[in-house]
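Trainee: 3D, please:
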Amino acid sequence: MEEKVDVSATQGVPRNVIPAHLLKGQKALVTGANSGIGRATAVALGRAGADVVVNYVAGREEADKVVEEITAFGVRAAAYEADVSNEDQVVAMTERMVEEFGTIDILVANAGMQRDAAFPEMSLAQWQKVLDVNLTGQFLCAREATKEFLRRGVVPEVSSAAGKIICMSSVHQIIPWAGHVNYAASKGGVQMMMETLAQELAPKKIRVNAIAPGAIRTPINRDAWDTPDAEKDLLRLIPYDRVGDPQDIAHAAVGLASDLMDYVVGTTLYVDGGMTLFPGFATGG
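Mentor: Just a heads-up that it's a prediction; the model follows:
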């Protein structure tokens, strides 16, 4: 039976448009999956038929709620605590997933953070923590997932690829962002890391791509959209005239993880309502 489409009254985003068996039989790991974009992506992968590991570093109760939501689709899910910037914890998490779920087919390296400050006031600790989580964390998770992809190889009845890695980047991999030099630098690093991994791993039938969200309604940036005045200011940067929803990113992740996009390699998919079109130049160029 076909699922009904639930459309948000405020955002106009179709919620349940994912085919229920698009990723059937695949095993997915989503980092930072107990809130925001990670949560929406983990749920969407489960809706598409994948078994999902919900990674979190804090907030076990929220992670358990995500697991409960995913298992309602008739697939497996589990919450794993691990700090993605800690090598030993990432290795242990991946080994546990392979032991309990059999393998890993999809990695969504989503965990990220901000520690904002004007540049002269930014501490080394603020700089380092953001780089450790946003960039090194993706490196560690991608490295461990790749080891399993290479060990197992392609299983044609599951997927055309040996594995899929989706790096969660940002429009700020190409748009400078004053007051957020650590964050922008980390996302610029994600872009080049992703493209280099894609180049190296494509001959092994491992597809590496990235998603670059624009302004999305998540707790990390609530101040930017949570009042009418703030939203009005934000919309000046978005030609499509709405703030994004975590579901927008989740749909993109499901597509990139599926064989529908089997020939997409080393690409950043900007999901930003046109923010990277630099709308200020629409009338001032």
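Trainee: look up how far N34 lies from E87.
Mentor: Going from E87 to N34 by CB to CB, to the nearest Å gives 22 Å. C-betas here are computed from N, CA, C, even on glycine.
Trainee: which stretches in the stretch 101-250 of the chain count as helices?
Mentor: Secondary structure of the stretch 101-250 of the chain, counting by DSSP state H, counting those that start in this stretch: helices at 124-131, 137-152, 181-201, 228-235, 246-257.
Trainee: which of E87 and N34 has more residues huddled nearby?
Mentor: N34 (24 against 15; other CB atoms under 10 Å).
Trainee: what number of residues lie near S35?
Mentor: A count of neighbours around S35, defined by other CB under 10 Å, yields 17.
Trainee: could you pull up the residues touching it?
Mentor: Applying CB atoms under 8 Å, 6 or more residues apart in numbering to S35 gives the contacts G59, E62, T218, P219.
Trainee: Throw those into a markdown table and include neighbour count, thanks.
Mentor: Supplementary listing: the contacts of S35 in a markdown table, determined by neighbours: other CB atoms under 10 Å:
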| residue | neighbour count |
| --- | --- |
| G59 | 14 |
| E62 | 16 |
| T218 | 20 |
| P219 | 8 |
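Trainee: just the mean pLDDT for the lengthiest strand in the chain, thanks.
Mentor: As assigned by DSSP state E, the longest strand anywhere in the chain is strand 206-213. When pLDDT is averaged along strand 206-213, the result is 98.
Trainee: describe which strands it pairs with in its sheet and in which direction.
Mentor: Note on strand 206-213: by DSSP bridges, its sheet partners are strand 163-168 (parallel), strand 268-271 (parallel).
Trainee: put together CSV for the ones you listed, with mean pLDDT on each row.
Mentor: Converted to CSV, those look like this (pLDDT from 0 to 100):
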stretch, mean pLDDT
strand 163-168, 98
strand 268-271, 98
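Trainee: where does D116 fall, phi/psi-wise?
Mentor: phi -90, psi 150 (degrees, to the nearest 10).
Trainee: residues touching it, list them.
Mentor: G179, H180, Y183.
Trainee: buried ones among the residues you listed?
Mentor: H180, Y183 (16 or more other CB atoms under 10 Å).
Trainee: among the contacts of D116, which one lies nearest to E148?
Mentor: For these, the residue nearest E148 by CB to CB is Y183; the value is 29.6 Å.
Trainee: got the contact list for stretch 52-59?
Mentor: Contacts with stretch 52-59, where a contact means CB under 8 Å, 6+ apart, come from 27-35, 38, 42, 45-46, 62-63, 66-67, 70, 75-84, 93, 97, 101, 111.
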